[in-house]
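**Student:** attaching a predicted model along with its sequence, questions to come.
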Amino acid sequence: MMLIAGNWKMNTDVSSAVELARDIAESVGRHPNVDVVICPPAVNLADVAREIDGSSVVLGAQNMHFKDSGAFTGEISASMLTAVGCRFVILGHSERRQFFGETDEGVNLKAKQAIASGLIPIVCVGEHLSEREAGQAEEVVTRQVERGLHEVSVSDHHALVVAYEPVWAIGTGHTATTEQAQQMHAHIRTLLKKLYGDAVGASILILYGGSMKPDNADDLLRQPDVNGGLIGGASLRSESFISIIESAVRAA
C-alpha cells in the first residue's frame, strides 16, 4: 500500500486552493493500492472538502491542538477537523518544531487526541544536518519516534502513519540518496515493530518527506520501506503532484 500526501503549507487562497484540488481530483483515478491526501491551509479546508467530495482524494489538515476545546486562541481542535471532513492530520512537522517550538511530548499528546477523535495522524520525524554530520541521525529519530508515540495505542496499522523528513534535505540544496532514505526507513520500521509488534509494525506506512519530486520519486518509492511521500513544494502544482502519484502506482 502507498500513500501520497500533499502538504500545501501556508500557500493558496480559497480560489487557488479549490482550483488545485479540482485539478487533482479530476486527474487522479481510484487505485486500490494508492491513497491520495491533500492538506490545504485550515481556512480552505471546507471549500476544498466540497470540491473533492465524491472523488478518491482524501482531506487532511496540517496541525491541530491536543484539547477538545477551550481558551486556546487561534488553535483548531480535532473535532473541528473531522466536522469539515478531514481524515488525516500532519503532526510534528519539522517547520512546526523549528519555528513554533513543538516538542516530542506535545506531538505525543496530539497523536493520542487525533486517534481518539478518529483522525489518522501523520507523525513527522527527522534530523538536522548538524545531527547527521555528528553521527546522531538514528539517535535523534529514535528519540522522536519513541517519545512521540509513547503509549499511543493503535487498533491496526491503518490508524497511524509516520513520515521521515531529513530536514537537511528540504530546500537546502543537499539531497538524500535513496540508500540514505531506505536506511532510515528501515530503522523506523524496526522501532515500530518494537512498539506495536511485528505484524502491525511491519504494515504501518512510512512516508518519505525529504523533497520528493517527479525526477526522484520512482527511485525512492521502489525502496522496500518507503511506502509513499509527504510532498511539499511539488504538491502545489497539479502536474508534478500527479506525476508522483503515478510513480506510486507503478511501485505499489
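**Tutor:** Yep, that arrived.
**Student:** what ranges does the stretch 101-250 of the chain have for its strands?
**Tutor:** Counting by DSSP state E, counting those that start in this stretch, the stretch 101-250 of the chain has strands at residues 120-125, 161-164, 205-208, 228-231.
**Student:** and these as TSV, adding mean pLDDT and mean neighbour count?
**Tutor:** To be clear about C-beta, it is placed using only N, CA and C from the backbone, and glycine gets the same treatment. Listed next are these as TSV, based on pLDDT from 0 to 100; neighbours: other C-beta atoms under 10 Å:
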stretch	mean pLDDT	mean neighbour count
strand 120-125	98	26
strand 161-164	98	26
strand 205-208	98	24
strand 228-231	97	28
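**Student:** pLDDT score for Gly173?
**Tutor:** pLDDT, Gly173: 66.
**Student:** same question for the one 5 residues further on.
**Tutor:** On the pLDDT scale, Thr178 is placed at 95.
**Student:** Gly29 versus the closest residue to it other than its chain neighbours, what's the distance?
**Tutor:** Nearest residue to Thr178, sequence neighbours excluded (C-beta to C-beta, 6 or more residues apart in numbering): Asp219, at 4.9 Å. Distance, Asp219 to Gly29, using C-beta to C-beta, to the nearest Å: 24 Å.
**Student:** which one's more surrounded, those two?
**Tutor:** Higher neighbour count among Asp219 and Gly29: Asp219, with 14 against 11, using other C-beta atoms under 10 Å.
**Student:** I figured the more buried one hits Glu179, correct?
**Tutor:** No. Between Asp219 and Glu179 there is no contact under C-beta atoms under 8 Å: 10.0 Å.
**Student:** following the helix or strand containing Ala21, which helix or strand comes up?
**Tutor:** Assessed by DSSP states H and E, Ala21 sits inside helix 14-27. Once the chain leaves helix 14-27, the next helix or strand it forms, by DSSP H and E, is strand 34-39.
**Student:** so which elements touch that next one?
**Tutor:** Counting contacts by 3 or more C-beta pairs under 8 Å, 6 or more residues apart in numbering; DSSP states H and E, strand 34-39 packs against strand 2-7, helix 14-27, strand 57-61, strand 88-91, helix 238-251.
**Student:** switch to 10 Å and redo it
**Tutor:** On a contact count with 3 or more C-beta pairs under 10 Å, 6 or more residues apart in numbering; DSSP states H and E, strand 34-39 meets strand 2-7, helix 14-27, helix 45-52, strand 57-61, strand 88-91, strand 120-125, strand 228-231, helix 238-251.
**Student:** hang on, the earlier thing: if I look at the residue nearest to Thr178, how far off is Glu95?
**Tutor:** When Asp219 is compared with Glu95 (using C-beta to C-beta), they lie 25 Å apart.
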